[in-house]
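Asks: have a look at this prediction, sequence included:
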Amino acid sequence: MSVRNVLIVGGGFTGLTTAIALAQRDVRVTLVDKAPAWARVGHGLTIQGNALRVFKQIGVIDEVLAVGQPEEGLTLTLANGHVLAETHTPRTGGDDLPPTIGALRPDLHEILVAKAESLGVEIRLGLELTSFETHGDEATSVLSDGTTETWDLIVAADGIKSQNRPKIGITEDRAPSGLGIWRAVTSRRPDMTGGIAFPTEDDGGAFKVGYTPVSDTQCYIFVLCRPQRPDNGLEDWQEVRRLMENYHGEYDALRESITADTFLNFQEIEWIFVEGPWHTGRVVALGEAVHAVPPLIAQGAAQCLEDAVLFAEYVTAEGDLEQQLADFYARRIPRIKGVVDASMQLAQWEQNPGTPDADPERVMNDALLALVPAP
C-alpha cells in the first residue's frame, strides 16, 4: 500500500469523505479544520444519484436517506405559473437509488463526522496548515499551533478559497461566474414537490427561482440573480421577496413564507477548474479546491464525493504513488470537464435570456446522462 498515514486539511464533504474512505482501507487519518467547533449552519442541498452512490459505498446511505426527501424530477414553469415541462431526473446512481434527494447540509455533515469518528479518524478543530515541505516519500506539515509532523501524504480539501492551492504550484484561481445566489430554508405545502421558474418579461433582478423539498414540511429555496447585492435599504428577507415578486403560482406561497426570522445566505458564485496537475510531490488538492462550478446541474457535491472514494482506491493500491496520483487525475479530468462545460454554458444562458438555440433542458439532461456510468 502506497500510504499509511495521511493529513487532510478541510472538514467539508470532500475532506470527511476522503477520510472515511481511507480509514476503511486501514489508513491512519488526521483531519484538521479551521473552524473552532462544528456548527449547524448551512442551507439545503440537491444531492444527485451519483452522490448517493458514494454514500452507499462508504456505508452511510441509510442515514442519508433517513434525513433526505426523495425527488423524481422537477416542474419547470414560467414566472406566471404556466407549466413548461415535467422533467424526470436521470438515475445517475443506479436503479436502486433515488434520482435525487433534497437534504439539509448540516444533517449530511453530521452523518459524515459521526462515520469518520467511528472509524478512528482523528479530528482536530481550530487548526490550519501553515506550511509544508515534501521530500522523497514523505511530506512534513506545520500547523497553526506550531505542531510539526510527517505524513505519507497531505490532502488539501479546503474548498474553492483554498490557501494551499497556490502553495502546491497551481496557478489557476477562482473567478466570477456572473451570477449570485440567495438561499433559504422555508416551509412548503405537501403538494409542492420541486420546481424551477423562469422569468417572463420583467425578471425583477432574478434569473430564476427554484426549490427542492428537504423534509415533509420544508424546502430549500434558491434565487439566482446578479452577483452584487444592491444597496437599496431593504433587509435581506425583504430583498428576497422583492426578487420573487414577479414569480407566481406556488412561488407566491414560498415568497410569503420568507420573513425576518428566515435564515438567508447570499453569495457571489465563483468557479474554478484546474486542468493541470493537482499535486506536487506528496501533497495533493481535491474537491472544490480544484473544481467548483455554478450549482446549475447540482453536481458540485457529487463530484467532490467521487474524488474522495476514487482517490482512496488509487493511493491504497500497490504501486508507485506518483503514478497513482497521475492516473487518478487522468481518470477524473474528462468527467469533471463535462460538468464544468455544461454548468458554464448554462450560466451564460442564464445571464443572456433569449439566446438563439439555447436549450438548457437538453444540456442538463445530457450532462446528467453522461454521469450514469460509475466514475
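Replies: It's in.
Asks: buried sites along stretch 141-158?
Replies: The neighbour-count check on stretch 141-158 (16 or more other Cβ atoms under 10 Å) flags Ser141, Leu143, Trp151, Asp152, Leu153, Ile154, Val155, Ala156, Ala157, Asp158 as buried. Placement of C-beta: from N, CA and C, glycine included.
Asks: now, those that are in strands?
Replies: Ser141, Leu143, Trp151, Leu153, Ile154, Val155, Ala156 (DSSP state E).
Asks: of these, which pair is most distant in space?
Replies: Leu143 and Leu153 (15.9 Å; Cβ to Cβ).
Asks: how much space between Gly59 and Leu119?
Replies: 10 Å (Cβ to Cβ, to the nearest Å).
Asks: oh sorry, the question was meant for His135
Replies: His135 is 29 Å from Leu119, by Cβ to Cβ.
Asks: who's more crowded, the two?
Replies: Per other Cβ atoms under 10 Å, whichever of His135 and Leu119 has more neighbours is Leu119, with 18 against 10.
Asks: and the residue nearest to Thr89 when sequence neighbours are not counted, what pLDDT?
Replies: The spatial neighbour of Thr89 that comes closest, neighbours along the chain excluded (Cβ to Cβ, 6 or more residues apart in numbering), is Pro99 at 3.8 Å. pLDDT recorded at Pro99 is 96.
Asks: list the contacts for Pro99?
Replies: Gln48, Gly49, Glu71, Glu72, Gly73, His88, Thr89, Pro90, Arg91, Thr92, Gly93 (Cβ atoms under 8 Å, 6 or more residues apart in numbering).
Asks: could you report the neighbour count for the third one?
Replies: Right, Glu71. 19.
Asks: right, and it touches Ala103 too?
Replies: No. With contacts counted by Cβ atoms under 8 Å, Glu71 stays clear of Ala103, the gap being 10.4 Å.
Asks: checking my notes, Thr30 in a strand, right?
Replies: Yes. Counting by DSSP: H, G, I helix; E, B strand; the rest coil, Thr30 is found in a strand.
Asks: start and end of stretch 98-107, how far apart?
Replies: 18 Å (Cα to Cα, to the nearest Å).
Asks: just give me how far that stretch sits from the chain centre.
Replies: 11 Å (Cα atoms, centre = their mean, to the nearest Å).
Asks: again with stretch 274-290
Replies: 17 Å.
Asks: with distance to Cys304 and pLDDT added, can I get the ones in strands among the buried residues of stretch 141-158 in CSV?
Replies: Below are those laid out as CSV (distance: Cβ to Cβ, whole Å; pLDDT from 0 to 100):
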residue, distance to Cys304, pLDDT
Ser141, 22, 98
Leu143, 23, 98
Trp151, 21, 98
Leu153, 18, 98
Ile154, 18, 98
Val155, 12, 98
Ala156, 13, 98
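Asks: nearest to Arg28 among these?
Replies: Trp151 (9.3 Å).
Asks: what is the closest one paired to in the beta sheet?
Replies: Ala139 (DSSP bridges).
Asks: pretty sure it contacts Asp137?
Replies: No. Look at Trp151 against Asp137 with Cβ under 8 Å: they stay out of range, at 10.5 Å.
Asks: and for those two, which residues touch both?
Replies: What both Trp151 and Asp137 touch, as defined by Cβ under 8 Å, 6+ apart, is the set Arg282.
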